[in-house]
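Trainee: Give me coordinates for this.
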Amino acid sequence: MKLSQTLETINELARRAGDEVMKFYGKPQDVREKSNHTPVTAADMAANQLIREFLSENFSYPILSEETADSPERLSADYVWIVDPLDGTRDFIKGTGEFSILIGLIHHNKPVLGTIYLPTTRTLYCAEENEGAFRSIDGAALTPIQVSQKNKINQMTAIVGRASEQELTYQLAFDLGAKEVKRTNSVGVKAVVLAEGQADVYLNATRHASEWDTCAADIIISEAGGKLTDLYGHTLRYNLPDVTHHHGLLGSNNQIHDKLVAQIAPFLPNHDISLPN
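Mentor: Now for the predicted structure:
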């Protein structure tokens, strides 16, 4: 598989950021609470600085990052980098290993390239538009990945978050009739589990996900044959003034995505998910 030079460069950047956060992993953390009541550590900020400095020096596109103050200049740009330098900070602090580096590129509000790197296993996932999705473990050659082909919900494994705010999502997965429900944190981790066929459905019935959580995940799931939308089945849009996904998330292997949307609809009033604008 021959990658574009841009994706090769971003893959290497993600690995470097992963090496940076691992310098802090398993050590006492200086944890600060952000205004949205989520934690941030020195590892988040170190990875953010490394990624931002590299992208700024090598590309002319604006950067939207979870750990940097937003700038309105991105709203008029055709291309924008969307970055979560450490997705799964709570699990980084707890030492579970369930965290990832997320770097995505959008063009006209749509993801066209993305990389997800899992530092603890040195596993990298990447995709670019119309080229497929791939995985590399510990620097080995890239191999294609593909979503599962299951087409009945009672045969499917759903993956949801473990955080306390995901309890309703956990119940929703059972209400839909999923055969099994797995729990893990980090949207990046859940996305690659879906993309490589280890789960068939990904649910998030909250309004806590943002563009930096889903940009790289979106293109990787899509290029692996799956689909990522909100819970109403609408395509996720990027580079908006409000970067929060207010209508939840539904990822699937795209075998019965529309059917899942229809089955979810009756449960949404119980999950405080906003109606689409």
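Trainee: Pairing partners for the worst-scoring helix or strand of the chain on mean pLDDT, with directions?
Mentor: The weakest-scoring helix or strand in the chain, judged by mean pLDDT, DSSP states H and E, is strand 32-33 (a mean of 84). Under the criterion DSSP bridges, strand 32-33 sits next to strand 39-40 (antiparallel) in its sheet.
Trainee: Could you count how many residues lie near Thr235?
Mentor: Neighbour count for Thr235, taken as other Cβ atoms under 10 Å: 11. All C-beta spots, glycine's among them, are computed from the backbone N, C-alpha and C.
Trainee: Next one: the closest residue to it other than its chain neighbours from Ser222, what distance?
Mentor: Leaving aside its sequence neighbours, Thr235 sits nearest to Thr229 (Cβ to Cβ, 6 or more residues apart in numbering; 6.0 Å). Going from Thr229 to Ser222 by Cβ to Cβ, to the nearest Å gives 10 Å.
Trainee: same thing with His247?
Mentor: 18 Å.
Trainee: got the contact list for Ile103?
Mentor: Ile10, Leu13, Ala14, Ala17, Ile51, Trp81, Ile82, Val83, Gly114, Thr115, Ala216 (Cβ atoms under 8 Å, 6 or more residues apart in numbering).
Trainee: Go through those residues and say which is closest to Arg237.
Mentor: Within the contacts of Ile103, the smallest distance to Arg237 is 11.9 Å, found for Ile82 (Cβ to Cβ).
Trainee: Just the CA trace of the strand or helix carrying the closest one, in PDB.
Mentor: Here Ile82, judged by DSSP states H and E, is contained in strand 79-87. Output of strand 79-87 as PDB, limited to C-alpha atoms (Å, rounded to 0.1, in the frame of the first residue of the first chain):
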ATOM      1  CA  TYR A  79      -8.900  22.600   4.700                       C
ATOM      2  CA  VAL A  80      -8.600  22.300   8.500                       C
ATOM      3  CA  TRP A  81      -6.700  20.000  10.800                       C
ATOM      4  CA  ILE A  82      -8.800  18.600  13.700                       C
ATOM      5  CA  VAL A  83      -6.800  17.200  16.500                       C
ATOM      6  CA  ASP A  84      -7.300  15.500  19.900                       C
ATOM      7  CA  PRO A  85      -3.700  15.200  21.200                       C
ATOM      8  CA  LEU A  86      -4.800  12.700  23.900                       C
ATOM      9  CA  ASP A  87      -8.200  11.200  23.600                       C
END
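Trainee: With that, I have no additional questions.
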